[in-house]
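Undergrad: Sequence plus predicted model, see below.
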Amino acid sequence: MNMARAPAGGRNWEGYGGDPYLAGEVAYQTVKGHQDVGVIACVKHVIGNEQENFRSSSSSNIDDRTMHEIYGWPFFKSVQAGTGSAMCAFNMINNTIACENNNVLNKLLRQEYGFKGFVLSDWNAAYTTAVAVASGLDMMQPDAPPYGAALLSAIGRTVTQAQVDQIAVNILAPYYLLGQDRSYPPVTCNYSYPLETPLNNVTKDHYTFIRSSGAESTVLLKNNNNTLPLSVGVRIAVIGSDARAPSNMALTQGRYPDGTVYQGWGSGAIDMASIVTPLQGIQTRFGASRVTSSLDDFNIADVQAKARAADVAIVCVCANSGEGHITIDGNAGDRKNLTLWHNGDNLINAVAQVNRKTIVVLHITGPVTMPWINHPNISAVLLAGTPGEESGNSLADVLVGLVNPSGKLTYTIARNVNDYPARVIYTGTGVVQIDYTEKLNIDYRHFDTNRISPLFEFGFGLSYTTFQYSNFRSTTGNQVLFAPVDDVSMVMTFSVSVRNSGTVAGAEVAQLYIAYPPAAGEPPKVLRNFEKVFLAPGASSTITFSLSGMELSVWSVTQQNWTLVMGTYTAMVAASSRDIKQNVTFDVVSRLNPSTTTSTRSTAVASTSTRTSSTLSLSTTTGSRTTSTTQGGGSASATTSLGTVTSSGFSTSNNLTMTMATGSIPSTSSSTASASSSTTSNSTLPATTAPFSSASRVVVIMMSPSLVIVFMAIA
């Protein structure tokens, strides 16, 4: 659930991109996907593990508002989904060890978010028994001090029996919640002795999903003169070592120094028995007799000879990254720079010199520099990310148009490396201080705030067809009663018509951004919803966006609460963060204002709270967007996105308490290790109602851990 703060960050490929709303929605669905089939989800890393260099000897220094609105948000959504566990990070947070951080584990995760599962450490990431217990750490990984025998010996001295009992409750809660005590498959995997684990093949036909998702999530960055899709009769030269298999597939945790990049490396990688390479996929689709190859990145003479003789030259290039305990070609997890690996830039230019239909395929774990992007002979660019074991088949399906790519960038690609708001720190001594000085302005927010033109913006992605947007409007009336944000059922909606105006079927991801009034102090716009729609040529569909009070709120440091700021807002429907199609303006006005008390068109659920409620005044415009920023106040509390969440109640500070367990399990009284904001009985952990309808479905958009990052479409 980390935020891809620095573009060279080694584990960015395991996360969900550079926007907290996007990361939160994917986190929610990921947790649900695991736990709906009885597997305890573990969300990580709490919080601020945004680079691998110095990950065990650095402090991520994050201010309170940024913590809530950016880095904490995906974990908040994970708790809403009922995650059974969370992993604390290696790093320090504001100079306190993450796994011994009471403010983060107890106050933020448990009290404010209402987390009721167990917290486990990253490997050897806690050090002091009593401090770790008091701060909310339940499980130490691996089985080593400061827990195990050290914890047992501390009971009655620096740790109380009640604290240990609470740890047991936290660990057992998700076990009972997910029914692992009833008809659950026996555990056969022995992590310490993997060779003793009996073979249990559960892959079934998963390769079909991997293939289709890898194709669908490909991002089409460039397609001059409709170069793609290709005719199956063309002669193709496949260029680059990224088109072949790694030399040694027996290497573990994805630590391949060569060959095609289909995943990053480290503990998030999968040891695969085989892979369909780009060369294999293209040969199968187009016919081996029509495909030649040159796989030596430095044999430019052979590369150009093969490219010159072909109708189309496909150059496969890469840039990889991973976890910090593995170093590949001097990249200690984090990439040393943002250039392509294996002579990639020179390879592309050499091919483009001799072939007018040069297609570049990027297998990358994050943004790269593209000095060749405007070369007239580079007619198409596909960003395939890290597509998994069916990589070559996924690519071939896109090349011939069997699949129309519909991926959208989950991060910004800059024109210049100095345009990014943050970068990996590679040098330092002692506890390296990593100051999050960009605050709310990560990724596209930074580019918007500073009026920097990106090479490819967040949310960008072309298609083999075209789409038209029309009739963007609010569906909650011209003036909508908006209750205080601690009314968790409060939702407003917008709709837009999207039409496939091209000649082939395709999918579009419509994105909803919100521009706040100046008093809110937000970036010029922030993502607040997205929907994907599949359309035949000429077909149209009406997309509905839901927006909750939480998604309109900002975190007030002074009030220590979510705050709804009065003023004029702009809702924008867009094809990307820079391609705004239409907008709707609305005003949030205090209900106590006499001019706003005459509304009779409320579609919102009235609040029973005695606090001041508000009114939304709506008007529709097109074209421009609001870009001003400053900060202000108000009063509000937590609610949810895209639906209703019911809770056991609110804490005295009006923070939403999310609880996850059903049924009764033994519980002790509150201890230092497990402060809770719940107002329910200690003996029963109440159920959480999911904030998404049962009709939710997941559709693929962009790469994630060893497979894909997804956008959700709500049916």
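TA: Nice, thanks for sending it over. Residues are numbered from 1 along each chain as shown.
Undergrad: so where does the residue lying closest to Asn349 once chain neighbours are set aside fall, helix or strand?
TA: In space, and not counting its chain neighbours, Asn349 is closest to Trp372: 5.5 Å by CB to CB, 6 or more residues apart in numbering. The way it works is simple: take the backbone N, C-alpha and C, and place the C-beta from them, glycine included. In this assignment (DSSP states H and E), Trp372 forms part of neither any helix nor any strand.
Undergrad: and Trp372, what does it touch?
TA: Contact analysis of Trp372 by CB atoms under 8 Å, 6 or more residues apart in numbering lists 345, 348-349, 352, 360, 378.
Undergrad: can you tell me which residues contact Asp271?
TA: So Asp271 contacts 252-254 (CB under 8 Å, 6+ apart).
Undergrad: Please repeat the previous calculation with a cut-off of 10 Å.
TA: For Asp271, the contacting residues are 194, 249-254, by CB atoms under 10 Å, 6 or more residues apart in numbering.
Undergrad: Now the residue nearest to Asn349, what are its backbone angles?
TA: Backbone torsions for Trp372, taken as degrees, to the nearest 10, come to phi -100, psi 0.
Undergrad: How much space separates it from Ile239?
TA: 13 Å (CB to CB, to the nearest Å).
Undergrad: Find the residues that touch each one of the two.
TA: 315, 317, 347-348, 351, 358, 360.
Undergrad: from those residues, which is closest to Ile40?
TA: Ile40 has its nearest neighbour among those in Val317, at 38.8 Å by CB to CB.
Undergrad: close enough to count as contact, that closest one and Ile359?
TA: No - using CB atoms under 10 Å, Val317 makes no contact with Ile359, being 11.3 Å away.
Undergrad: Now do the shared contacts for these two.
TA: Common neighbours of Val317 and Ile359 (CB under 10 Å, 6+ apart) are Ile239.
Undergrad: quick one on the thing from earlier: which of the contacts of Asp271 are buried?
TA: 253-254 (16 or more other CB atoms under 10 Å).
Undergrad: Report the two of the contacts of Asp271 separated the most.
TA: Pro194 and Met249 (16.9 Å).
Undergrad: And the helices in the stretch 101-250 of the chain?
TA: 102, 129-135, 149-154, 161-177, 206-216 (DSSP state H, counting those that start in this stretch).
Undergrad: Check which residues of the fourth one are buried.
TA: To tie it back to what came earlier, the one meant is helix 161-177. For helix 161-177, by 16+ other CB under 10 Å, it's 163-167, 169-177.
Undergrad: Export it to CSV, keeping only CA atoms.
TA: Extracted in CSV, the C-alpha atoms of helix 161-177 (Å, rounded to 0.1, in the frame of the first residue of the first chain):
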residue,chain,number,x,y,z
GLN,A,161,-0.4,-10.8,31.3
ALA,A,162,-3.3,-8.6,30.1
GLN,A,163,-1.1,-7.3,27.3
VAL,A,164,-0.2,-10.8,26.2
ASP,A,165,-3.8,-11.8,26.4
GLN,A,166,-4.7,-8.9,24.1
ILE,A,167,-2.1,-10.0,21.6
ALA,A,168,-3.6,-13.5,21.5
VAL,A,169,-7.1,-12.0,20.9
ASN,A,170,-5.8,-9.8,18.1
ILE,A,171,-4.2,-12.8,16.4
LEU,A,172,-7.1,-15.1,16.8
ALA,A,173,-9.8,-12.6,15.8
PRO,A,174,-9.3,-12.9,12.0
TYR,A,175,-8.8,-16.7,12.4
TYR,A,176,-12.3,-17.0,13.7
LEU,A,177,-13.7,-14.2,11.5
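Undergrad: Tell me how far it lies from the chain's centre.
TA: Centroid separation for helix 161-177 versus its chain: 30 Å, with CA atoms, centre = their mean, to the nearest Å.
Undergrad: Same check on stretch 571-585?
TA: Using CA atoms, centre = their mean, the offset of stretch 571-585 from its chain centre is 21 Å.
Undergrad: Buried residues, it. List them.
TA: 571-578, 580-585.
Undergrad: just stretch 311-319 next, same as before
TA: Result for stretch 311-319 [16+ other CB under 10 Å]: buried residues 312-319.
Undergrad: Which element is encountered next along the chain beyond the helix or strand containing Ala27?
TA: Using DSSP H and E, Ala27 falls within helix 20-35. The helix or strand immediately downstream of helix 20-35 is strand 42-46, counting by DSSP H and E.
Undergrad: Direction included, what does that following strand pair against?
TA: Strand 42-46 pairs in its sheet with strand 85-88 (parallel), by DSSP bridges.
Undergrad: Give me the contacts around stretch 295-306.
TA: 236-244, 258-259, 277, 279, 292-294, 313, 315-317, 340-344, 346-347, 349-351, 353-355.
Undergrad: make it 8 Å
TA: 237-241, 243-244, 279, 292-294, 313, 342-344, 346-347, 350-351, 353-354.
Undergrad: from these, which ones fall inside strands?
TA: Among the contacts of stretch 295-306, the members found in strands (DSSP state E) are 237-239, 292-294, 313.
Undergrad: How many residues are close by Ser153?
TA: Per other CB atoms under 10 Å, the neighbour tally for Ser153 reads 12.
Undergrad: correction: Asn377
TA: Neighbours of Asn377 (other CB under 10 Å): 17.
Undergrad: For it, give its distance to Arg11.
TA: 35 Å.
Undergrad: One more: Asn346?
TA: 28 Å.
Undergrad: the more surrounded of the two?
TA: Arg11 (29 against 15).
Undergrad: Not counting its neighbours along the chain, what's nearest that one?
TA: Glu323 is the one closest to Arg11 (CB to CB, 6+ apart), at 6.1 Å.
Undergrad: dump the residue contacts of the one you found.
TA: 10-11, 52, 253, 264-268, 333 are the contacts of Glu323 under CB under 8 Å, 6+ apart.
Undergrad: Show me which of those residues is closest to Arg65.
TA: Arg11 (24.8 Å).
Undergrad: Can you give me the neighbour number for Ala520?
TA: 26.
Undergrad: Tell me the spacing between it and Leu230.
TA: 48 Å.
Undergrad: likewise Asn331?
TA: 34 Å.
Undergrad: One more: Asn561?
TA: Where Leu230 is concerned, Asn561 sits at a distance of 56 Å (CB to CB).
Undergrad: Now do the contacts for Pro145.
TA: Thr129.
Undergrad: what are the phi and psi values for it?
TA: phi -50, psi 150.
Undergrad: What pLDDT is listed against it?
TA: Pro145 carries a pLDDT value of 90.
Undergrad: Can you give me the distance of it to Ala126?
TA: For Pro145, the distance to Ala126 - CB to CB - is 9 Å.
Undergrad: do Leu251 as well
TA: 30 Å.
Undergrad: cool, and Gln29?
TA: From Gln29 over to Ala126 (counting by CB to CB), the distance is 30 Å.
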